[in-house]
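Enquirer: quick check, what structure comes out for this input:
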Amino acid sequence: MPIKKLNGLQKYQHFLFEASNLGIVKVQEVANGSFTEFNLLKTKKSDIFEEIRALSILVLTPPPLDYKRQEYLYNNIRPFVKDEYKDTTCPRPSYAGNE
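Expert: Sure, this is the predicted structure:
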């Protein structure tokens, strides 16, 4: 896939890529600054866009936390989590036979 160089890459602090805008990267030199757009593709051929869209991304599923780690999160971290996120982030430990 023909891709252009982004000159001065090290001076940029933030990079934004959007699936709806393939081949375009938005960059910021400073936090909360204005974005500048760069087209990274050398060509506008639609087959390149289809090739990008067709790429499959492997989704990794992490193994469940062992019981000891669940207890630690529940007892030590849960008090610092906002109430609406406690049950998602640090639920009550459950033994799943994975110790």
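Enquirer: immediately after the helix or strand bottoming out on mean pLDDT in the chain, which helix or strand?
Expert: Sorted by mean pLDDT, DSSP states H and E, the helices and strands of the chain end with helix 46-54, the least confident at a mean of 70. Following helix 46-54 in sequence order, the next helix or strand is helix 67-72 (DSSP states H and E).
Enquirer: CA atoms only for the very next helix or strand once past that following helix, dumped as PDB, please.
Expert: Per DSSP H and E, the first helix or strand lying C-terminal to helix 67-72 is helix 86-89. The C-alpha trace of helix 86-89 is given here as PDB (Å, rounded to 0.1, in the frame of the first residue of the first chain):
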ATOM      1  CA  LYS A  86     -18.000  -0.300  40.900                       C
ATOM      2  CA  ASP A  87     -19.800  -3.400  39.700                       C
ATOM      3  CA  THR A  88     -18.200  -3.300  36.300                       C
ATOM      4  CA  THR A  89     -14.600  -2.500  37.400                       C
END
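Enquirer: what does helix 86-89 contact?
Expert: Identification of contacts with helix 86-89 by C-beta atoms under 8 Å, 6 or more residues apart in numbering yields 73, 77-78, 81. Placement of C-beta: from N, CA and C, glycine included.
Enquirer: so, low pLDDT: which residues of the chain?
Expert: 1-3, 43-49, 96-99 (pLDDT under 70).
Enquirer: kindly report the domain assignment for it.
Expert: 9-54, 61-99 (automatic domain parsing).
Enquirer: got the end-to-end distance for stretch 53-64?
Expert: Distance across stretch 53-64, first residue to last, is 31 Å (C-alpha to C-alpha, to the nearest Å).
Enquirer: no no, stretch 62-77
Expert: Stretch 62-77: ends 20 Å apart by C-alpha to C-alpha.
Enquirer: next one: it to chain centre, how far?
Expert: The chain centroid and the centroid of stretch 62-77 are separated by 23 Å, computed with C-alpha atoms, centre = their mean, to the nearest Å.
Enquirer: what comes up buried for that stretch?
Expert: 70, 74 (16 or more other C-beta atoms under 10 Å).
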